[in-house]
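Novice: show me how the following folds:
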Amino acid sequence: MALQKKDFIEVEFTARVKDGEVFDSNIKEDINNAELKSKAKPFIFCLGEDMFLRAVEDFLIGKDIGEYELALLPGQAFGKREPKFVQMIPIKVFLQQELNPIPGIIFNFDGRIGKVLTVSGGRVMVDFNNPIAGKEVVYKIKVLRKVEDLNEKIKALNEFFFRRDLKFEIKDKKLILEVEKPMKDFVELFKEKFKELLDLETEVRESEGGKEEGKKE
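Specialist: Numbering: from 1, shown residues only. A predicted model of the protein is given here:
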């Protein structure tokens, strides 16, 4: 049966620059060979919801379970390089944070990833373009299965939206998420999205503390 928008699927994939290095994967051998920091585990996501690269999701809609290879131009992948994203930052900004800006090193500037290009005269040129911007890329994707289990879907959404395995239960067609107090208002923002994707009313409750782990129905 052809895959449709809003289907949850499990995939293995490896992405590389055309005729070049692997820059993303969830396959152990490719991760180790490319010395990536990602984890070797299948990825579950909802098609058509921008949980993966949009061009890849669009390509998979209408396809069947199986293996595919997809070549993408920069405009379909991570965009063109933008000169405006190359910026000068005073070296004192780094020194105040006890950081040593060396050409080639990558820093996280309040959520913006930047690569140091040059250091000269108290000025540091930093490139905030995506490292893959301006490059053609190739994705090899293996669709392992269509995910039907509701608990797996919830876990996948929790991991994608919140980067953690929240405690939850399903009761009377309602999804109840338990979170620590500092997260409650943030998680509340996703109630409509959970309803849209899972057809479940969603309630967010403050947990009593402790480690939050996924709970099956």
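
Novice: break the chain into its domains for me.
Specialist: The domain map for the chain lists 1-82+132-148, 88-127, 149-211, with the assignment taken from automatic domain parsing.

Novice: redo the ones you listed as a markdown table? Include mean neighbour count and mean pLDDT.
Specialist: Every residue, glycine included, has its C-beta placed from N, CA and C. Shown next, in a markdown table, are the domains of the chain (neighbours: other C-beta atoms under 10 Å; pLDDT from 0 to 100):
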| stretch | mean neighbour count | mean pLDDT |
| --- | --- | --- |
| domain 1-82+132-148 | 16 | 95 |
| domain 88-127 | 13 | 90 |
| domain 149-211 | 15 | 92 |
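
Novice: what segments of the protein are strands?
Specialist: Secondary structure of the chain (DSSP state E): strands at 8-17, 22-25, 43-46, 66-72, 86-90, 106-109, 112-120, 123-127, 137-147, 167-171, 174-179, 201-206.

Novice: can I get the second one in CSV? Just the C-alpha atoms.
Specialist: Looking back up the chat, that one is strand 22-25. Listed next in CSV are the C-alpha coordinates belonging to strand 22-25 (Å, rounded to 0.1, in the frame of the first residue of the first chain):
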residue,chain,number,x,y,z
VAL,A,22,28.5,11.4,4.8
PHE,A,23,27.0,14.2,7.0
ASP,A,24,24.0,12.4,8.5
SER,A,25,22.9,8.9,9.2
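
Novice: can you give the strand pairings for that strand, parallel or anti for each?
Specialist: The pairing partners recorded for strand 22-25 under DSSP bridges are strand 8-17 (antiparallel).

Novice: what's the angle from the strand it pairs with to strand 137-147?
Specialist: With axes from the mean of the first three to the mean of the last three C-alpha atoms, to 10 degrees defining the directions, strand 8-17 sits at 170 degrees from strand 137-147.

Novice: returning to what we had before: next, format the strands of the chain as JSON lines and append distance to residue 53.
Specialist: Supplementary listing: these in JSON lines, determined by distance: least, C-beta to C-beta, whole Å:
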{"stretch": "strand 8-17", "distance to residue 53": "8"}
{"stretch": "strand 22-25", "distance to residue 53": "9"}
{"stretch": "strand 43-46", "distance to residue 53": "11"}
{"stretch": "strand 66-72", "distance to residue 53": "8"}
{"stretch": "strand 86-90", "distance to residue 53": "24"}
{"stretch": "strand 106-109", "distance to residue 53": "21"}
{"stretch": "strand 112-120", "distance to residue 53": "17"}
{"stretch": "strand 123-127", "distance to residue 53": "21"}
{"stretch": "strand 137-147", "distance to residue 53": "7"}
{"stretch": "strand 167-171", "distance to residue 53": "28"}
{"stretch": "strand 174-179", "distance to residue 53": "27"}
{"stretch": "strand 201-206", "distance to residue 53": "27"}
